[in-house]
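Chemist: with the sequence up front, the predicted model follows.
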Amino acid sequence: RRCVVNQVFPSDSDDGGVSLARMRRKDQLRALQMLKDDPNLSKLHQMRSPLLDLEVRGVPALQYFGDIVWKDSPVLSESSSQPSQHDQRFVIVGGKGGVGKT
């Protein structure tokens, strides 16, 4: 029997994973810049979620996550106050990275 534990920071690195975090941040900034530069994607209202120190699993964690993401969203306040003539669709994607959700 085996158990695979993923996303473990490397214990053998001299900096305790700081360089890995910097690399991921650099990749993230590049992706955010692509969203900003794309003429179609830049029109979208972005709702960003911070990196959490917990795995969003179960109803309480999902409510906590939803409160963070949707708290100041004009999209949510507009759609909840009155019906809109605009086509409003939400796509919520969850799961592990790299498994083809896109």
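Modeler: Ah, there it is.
Chemist: what residues are up against the spatially most central residue of the chain?
Modeler: Centroid check for the chain by Cα atoms, centre = their mean gives residue 49 as the closest residue, at 5.3 Å. Residues near residue 49 by Cβ atoms under 8 Å, 6 or more residues apart in numbering: 65, 68, 69. Heads up, the C-betas are built off the backbone N, CA and C, glycines and all.
Chemist: among those residues, filter down to the buried ones and hand me the PyMOL syntax, if you would.
Modeler: To isolate the buried members of the contacts of residue 49 in PyMOL, using 16 or more other Cβ atoms under 10 Å:
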select buried, resi 65
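Chemist: can you say which helix or strand has the residue nearest to the centre of the chain in it?
Modeler: Counting by DSSP states H and E, no helix or strand carries residue 49.
Chemist: low-confidence bits of the protein, can you list those?
Modeler: Counting by pLDDT under 70, the chain shows low-confidence ranges at 12, 74-102.
Chemist: quick one, helices of it?
Modeler: Using DSSP state H, the helices assigned to the chain run over residues 18-37, 59-70, 74-81.
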